[in-house]
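K.L.:
next input, structure requested:
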Amino acid sequence: MPSRLRDRQSSLAVWAVRLAMLSVPVLVIAALGHRAGMMDATTTYGVIAVGFSIAALAVIAAVSAFAGIWHDGRKGARTALGGLILGLVILSVPAIGAWRVIAYPRLTDVMTDLDDPPEFQAALAERGNGARPLADPTDDQADLQRDAYPDLVTRQYPVSTARVFADALALVADRGWRILAEHQPDDQDDSGRIEAVAMTPIFGFRQDVVIRIQSSGDGSLVDMRSAARNGAHDLGADAARIRDFFGDLDDSLQGISEQQ
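P.N.:
Numbering: from 1, shown residues only. As a prediction, this is how the structure comes out:
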């Protein structure tokens with residue numbers, strides 16, 4: 001009997017690989033479907049949950065397979081290991097998300113000017129009824145942002161609003177953000193404004209961005225706001241988007257003389 005068991009392949013090991021591989025197309029369907037607009041956010045969240053649940057089952061099956069292989073010497077250790085590794089790689093995505101929920105404040109709308117936030121206009125028509133409402137931050141939300149992101153403040157540049165607008169618009173285009181509206185500074189109105197839509201890297205959840213450029217006595221003031229359309233937590237993405245954008249804008253305008 002023992003020799004016959006050693007010749008048998010562990011069925012749990014096989015199922016571990018099958019389940020891990022099955023989770024991949026499920027998650028790909030969620031990503032492509034949402035990016036293409038064929039799935040709304042609620043449906044996408046549901047499909048994602050199914051995909052990660054299948055990956056979790058793959059890990060459970062792999063661990064159970066190892067226990068059986070150790071007990072009765074069945075074949076399939078390498079197969080179980082493959083299912084375990086693939087399942088864990090897939091589950092690293094929600095694991096990172098869970099860590100971000102703990103590490104970052106529960107915000108979905110982050111801005112550099114908490115007292116006079118840049119307003120969304122064109123984005124309102126696109127967000128739809130299912131999106132989170134846009135409103136000025138409450139006192140609690142403002143305190144959360146100030147404590148977590150003290151570096152996110154209004155930027156001042158010693159150059160004209162026209163120059164800042166041109167560089168900001170180029171950075172928006174380089175990032176592949178979809179521009180909803182723009183106002184270039186002119187003789188009648190020397191302020192600038194850009195509204196655009198960014199997407200998260202994997203599943204393509206939309207996040208609205210507005211950039212406001214105003215003239216000051218010795219240059220330009222720039223504010224930015226980034227707001228997630230869905231979900232109860234942005235996982236720090238909005239703050240990271242603003243921080244990265246201003247970092248590139250700083251580099252772009254570095255060394256430019258006043259009024260250029």
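K.L.:
tally of neighbours for Ile179?
P.N.:
Per other C-beta atoms under 10 Å, the neighbour tally for Ile179 reads 14. Using the backbone N, CA and C atoms, a C-beta is placed for each residue, glycine as well.
K.L.:
what's the helix or strand for Glu182?
P.N.:
Glu182 belongs to strand 178-183 when assigned by DSSP states H and E.
K.L.:
over to Leu221?
P.N.:
strand 219-228.
K.L.:
partner strands of that strand and their direction?
P.N.:
strand 109-111 (antiparallel), strand 155-157 (antiparallel), strand 206-216 (antiparallel) (DSSP bridges).
K.L.:
what's in contact with the first one?
P.N.:
It stands for strand 109-111. 117-118, 132, 134, 137, 141, 145, 149, 152, 223-228, 234, 238-239, 242 (C-beta atoms under 8 Å, 6 or more residues apart in numbering).
K.L.:
ok, then the element right after it?
P.N.:
Following strand 109-111 toward the C-terminus (DSSP H and E): helix 122-127.
K.L.:
CA atoms of that next one as PDB?
P.N.:
The C-alpha trace of helix 122-127 is given here as PDB (Å, rounded to 0.1, in the frame of the first residue of the first chain):
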ATOM      1  CA  ALA A 122     -16.000  68.900 -16.000                       C
ATOM      2  CA  ALA A 123     -15.400  65.900 -13.800                       C
ATOM      3  CA  LEU A 124     -18.800  66.300 -12.200                       C
ATOM      4  CA  ALA A 125     -20.700  65.100 -15.300                       C
ATOM      5  CA  GLU A 126     -18.400  62.000 -15.600                       C
ATOM      6  CA  ARG A 127     -18.400  60.800 -12.100                       C
END
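K.L.:
which strands and helices sit next to the very next helix or strand once past that helix?
P.N.:
Following helix 122-127 in sequence order, the next helix or strand is helix 139-148 (DSSP H and E). Packing partners of helix 139-148 (3 or more C-beta pairs under 8 Å, 6 or more residues apart in numbering; DSSP states H and E): strand 109-111.
K.L.:
on that earlier part again, just the buried residues out of the contacts of strand 109-111, in ChimeraX syntax.
P.N.:
In ChimeraX, a selection of the buried entries from the contacts of strand 109-111 looks like this (16 or more other C-beta atoms under 10 Å):
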select :117,118,134,137,141,145,149,152,223,224,225,226,227,228,234,238,239,242
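K.L.:
quickly find the element holding Phe66.
P.N.:
Here Phe66 sits within helix 41-72, counting by DSSP H and E.
K.L.:
how far off centre is that helix?
P.N.:
Here helix 41-72 shows a centroid-to-chain-centroid distance of 24 Å under the convention C-alpha atoms, centre = their mean, to the nearest Å.
K.L.:
OK, contacts around the residue most central in space within the chain?
P.N.:
Centrality entry for the chain: nearest residue to the mean C-alpha point is Thr200, 3.6 Å, by C-alpha atoms, centre = their mean. By C-beta under 8 Å, 6+ apart, Thr200 lies in contact with Gln207, Ala237.
K.L.:
roughly how far does it sit from Arg229?
P.N.:
Separation of Thr200 from Arg229 (C-beta to C-beta, to the nearest Å) stands at 10 Å.
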